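Undergrad: Pasting the sequence and the predicted model now:
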Amino acid sequence: MLEPHHPTRDQIRLENVLAALGNPLRMTVLQVLAAGGEYPCGAIVEGVSKSTLTHHWRVLRESGVINQRASGRELLLSLRREDLDARFPGLLTTILAAHQQSSS
């Protein structure tokens, strides 16, 4: 399995991160991954087709929000918190807090 392309820390652009997180399903993914650790692609969101999830993983990966790495026959997802915090200090914390408030 080929490793998917990820932007380097310096290539992560704010407008791409914000556009990626402008989707409710991707915000759900962000909330799950913000807890830390790695998750198999199929273990984060239920009831969504594999092709739809593949699209969302690509958008999140190419924007620099997540890391995808192969582990055997599956891909594991994790949040690129360190890179995002270095590029945009406080952004993730603010986005997650705002999302939690709007969900309450």
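TA: Noted; the coordinates are in hand. Numbering: from 1, shown residues only.
Undergrad: Work out the gap between stretch 94-104 and the centre of the chain.
TA: 16 Å (Cα atoms, centre = their mean, to the nearest Å).
Undergrad: Just the buried residues of that stretch, please?
TA: 95, 99 (16 or more other Cβ atoms under 10 Å). Every C-beta, even on glycine, is put in place using the N, C-alpha and C of the backbone.
Undergrad: residues in contact with that stretch?
TA: Outside stretch 94-104, the residues within contact range by Cβ atoms under 8 Å, 6 or more residues apart in numbering are 21, 27, 30-31, 34.
Undergrad: do stretch 49-68 as well
TA: Against stretch 49-68 from outside (Cβ under 8 Å, 6+ apart): 3-7, 9, 11-13, 16-17, 19-21, 23, 25-26, 29-30, 33, 41-42, 45, 75-80, 83-84, 87.
Undergrad: just the buried members of the residues you listed?
TA: Buried among the contacts of stretch 49-68 (16+ other Cβ under 10 Å): 6, 12, 16-17, 20-21, 26, 29-30, 33, 41, 45, 75-77, 79-80, 83-84, 87.
Undergrad: Next one: residue 58, what pLDDT does it get?
TA: Looking at residue 58, its pLDDT reads 95.
Undergrad: and it, what element?
TA: Applying DSSP states H and E as the criterion places residue 58 in helix 50-63.
Undergrad: ok, and for that helix, which residues are buried?
TA: Buried, per 16+ other Cβ under 10 Å, within helix 50-63: 53, 56-57, 59-63.
Undergrad: All set now, cheers.
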